[in-house]
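Visitor: test case, fold it:
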Amino acid sequence: MKRTLAGAAALLTTLGVLTTPGAASAVPICETNPLGCEPPPPPPPPTPTDKAPTGTAQATGPQNNGVLGITGWATDSNGWPVTVDITFDGTLVASKPAIDFRTWLPAGPFGFTHTVVVPPTGPVRRLCATARNVPDGSTPVASAVPLGCVSSRPSKPTDLLSTAESAYNRSTLRLGWTDNATDETSYLVTLSYLRRHWEGNYSWQEPMSESFVVAAQPGTGRMSLVLSDQDANTHFQVLVNSRVGEITSESLSGGVTAP
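Guide: You can find the predicted model right below:
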């Protein structure tokens, strides 16, 4: 019996398990018995250090003589210079480093400018700038950053609503539309109609056109205009255009008949 107990103690010592009288449980020793321990957790992934570029873009000014321009700045804390991709109606037209000096920019030569020729009429054209990321070798790699877009013409208004009421041969027109532009300086509302003239038993109609300027409002939303002292018993053709200076959007058209 003594020999058996001694052999069991030697076996437990060999396996790395020490027991003492009255112990609640055996405690594994990982150095001598790796199978009795949980594997160590994997090391945490490295913290990425790659930062996205920053910057902004705006129009060089109102479209002038068919030239639309975009200007701005771009920088990246991971490197310099930042390449700026310029797209025109979604097509890449230029890639240039942001290395120009601008008095209004943050410290350093981080500026860029690009211009395209755009007719002052026709559909709205868009010129956009995107700053490429300058990677520092870590992952994940930061994304390119859109800096902004400029439009050749302000956005077209939508959702024209018009009503008319008449009294004593004069009418009042109530017009409303949705302002979709953020860079407009005013709205131009044009009424076209035929004015009837009488002389004895004869009458004729004279084409008439009147324009009204409505001040721009910040942001977007509903706009309205009330026009009193208009001809009664007349159909009015209505055109609404947003404007940036003298450059107008595509026309929102509609009509209203005054009783």
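
Visitor: for the rest of this, base every contact and every neighbour count on C-alpha atoms.
Guide: Fine.

Visitor: verify the contact between residue 191 and residue 210 for me.
Guide: Yes - counting by C-alpha atoms under 8 Å, residue 210 is a contact partner of residue 191 at 5.2 Å.

Visitor: so which of these two has more stuff around it?
Guide: residue 191 (18 against 10; other C-alpha atoms under 10 Å).

Visitor: Three-state assignment for the more buried one, please.
Guide: Here residue 191 is strand, with the state taken from DSSP: H, G, I helix; E, B strand; the rest coil.

Visitor: could you do the one 5 residues further on as well?
Guide: Applying three-state DSSP to residue 196 yields a three-state assignment of strand.

Visitor: chain neighbours aside, what residue packs nearest to it?
Guide: residue 205 (4.4 Å; C-alpha to C-alpha, 6 or more residues apart in numbering).

Visitor: so that neighbour versus residue 199, what's the distance?
Guide: 12 Å (C-alpha to C-alpha, to the nearest Å).

Visitor: between the two, who's got more neighbours?
Guide: Neighbour count, other C-alpha under 10 Å: between residue 205 and residue 199, residue 205 has more, with 11 against 7.

Visitor: pLDDT score for that one?
Guide: pLDDT for residue 205: 89.

Visitor: that one is in contact with residue 234, isn't it?
Guide: No - here residue 205 does not reach residue 234: they are 11.2 Å apart, not a contact under C-alpha under 8 Å.

Visitor: give me the common contacts of these two.
Guide: Here residue 205 and residue 234 have 194-195 as joint contacts, going by C-alpha atoms under 8 Å, 6 or more residues apart in numbering.

Visitor: contact partners for residue 71?
Guide: 57-60, 111-114.

Visitor: farthest-apart pair in those, please.
Guide: Between any two of the contacts of residue 71, the greatest separation by C-alpha to C-alpha is 13.3 Å, found for 59 and 111.
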